[in-house]
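Asks: what follows is a predicted structure for the sequence shown.
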Amino acid sequence: MGTFRFPACDRAWTRPAKLSKSIDSSKIPDAFFMPKCEGTAQYRSRLRPEELLYSNPERISVMLLRRLLSGVAAAAFFAGAGLVPAGAQDAGAQSEATTRNFGTWSTRCEKNAEGAEQCHAFVDVRIGENKQSIAYIGIGYSPKDTDEDGKQDLFMFAITPLGTFLPAGIGWNVDDKEKFSQQFLYCLPGGCQTEILLTKERLDAIKNGTEMKIAFRLVGKGDVNVPMKLDGVSKAIAAIPMPKS
């Protein structure tokens, strides 16, 4: 059994954020379990992280694995969720990020430990007086061609609160026309995450769509349906630089 340690997140929930205008708060439960982190968080597995790579790119991407492999990757995970783990800034693991707004969607770019710029498009849905994040949806390029078609692929990743019922997975519904789902891969102190390959059909539906809904389940709270507008998503995706091979 291997144990992989990540920074504690005792200050992770203090960063201010704005409530998304696209959220229908009447469809979301009032309260969510938020972690109280002490010391270090641990991810335990009988496999080393690099052994988790499946042959099917729908399951997991190299981009996701890199987040698991080091403390720097864990810091990037928190930053991607709009969170700041304790000590990350002091350790120099987290560079300053730049964001641009495109309607409901935005882009976020920052440099990794090697100095290479990494960008993704995202929408961060927050609810309640405390502006708690109920869903963070991002779209970005995989660092390599995962399906060997000669092009670097776009993936969509989702981060949901701790307390997500993992066996139920997560589903996407774009204008009731394109529907797809995925299992959750793991949880860290910042939330539970998964990624899915954006096929041509999925990407076209998102770019040409009006609204996308995600559905998942919270333990003790039941089903959660989060609607989000798609205005600006095409421009946000177009603004993401493709990684150099």
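Replies: Cool, the structure landed.
Asks: residues contacting the residue lying closest to Ile240 once chain neighbours are set aside?
Replies: Nearest in space to Ile240, with sequence neighbours left out and distances taken as C-beta to C-beta, 6 or more residues apart in numbering, is Cys119 at 4.7 Å. For every residue, glycine as well, the C-beta is placed using N, CA and C. If you count contacts by C-beta atoms under 8 Å, 6 or more residues apart in numbering, Cys119 has them with Thr107, Arg108, Cys109, Gly140, Ala239, Ile240, Pro241.
Asks: out of those, which are inside strands?
Replies: Judged by DSSP state E, strands contain the following of the contacts of Cys119: Thr107, Arg108, Cys109, Gly140.
Asks: the last one contacts Ala239, doesn't it?
Replies: Spelled out, it's Gly140. No - Gly140 is beyond contact range of Ala239, at 11.6 Å (criterion: C-beta atoms under 8 Å).
Asks: still on that earlier bit, any chance of the ones in strands among the contacts of Cys119 in a markdown table, plus pLDDT?
Replies: What follows is these, written out as a markdown table (pLDDT from 0 to 100):
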| residue | pLDDT |
| --- | --- |
| Thr107 | 95 |
| Arg108 | 93 |
| Cys109 | 91 |
| Gly140 | 93 |
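Asks: going by distance to Glu96, which of the residues you listed wins?
Replies: Among those, Cys109 lies closest to Glu96 (C-beta to C-beta), at 10.1 Å.
Asks: neighbours around Gly191, how many?
Replies: 24 (other C-beta atoms under 10 Å).
Asks: equivalent analysis for Thr99, please.
Replies: For Thr99, using other C-beta under 10 Å, the count is 12.
Asks: and stretch 194-214, which residues are buried?
Replies: Residues of stretch 194-214 classed as buried: 194-198, 202-203, 205-206, 209, 212-214 (neighbour count, 16 or more other C-beta atoms under 10 Å).
Asks: which one of those is nearest Phe155?
Replies: Among these, and counting by C-beta to C-beta, the member closest to Phe155 is Glu195, at 4.9 Å.
Asks: quick one, strands of this protein?
Replies: Under the criterion DSSP E, the chain carries strands at the ranges 2-6, 41-45, 98-102, 105-111, 117-127, 132-141, 154-160, 170-174, 178-182, 186-188, 191-197, 211-218, 222-229.
Asks: buried deepest among these, which one?
Replies: strand 154-160 (a mean of 24; mean count of other C-beta atoms under 10 Å).
Asks: let's see it as CSV, backbone CA atoms only.
Replies: C-alpha atoms of strand 154-160 as CSV (Å, rounded to 0.1, in the frame of the first residue of the first chain):
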residue,chain,number,x,y,z
LEU,A,154,-8.9,18.6,-25.4
PHE,A,155,-10.1,17.3,-22.1
MET,A,156,-12.8,18.6,-19.8
PHE,A,157,-12.2,18.2,-16.1
ALA,A,158,-14.6,18.6,-13.2
ILE,A,159,-14.0,19.3,-9.5
THR,A,160,-16.9,18.8,-7.1
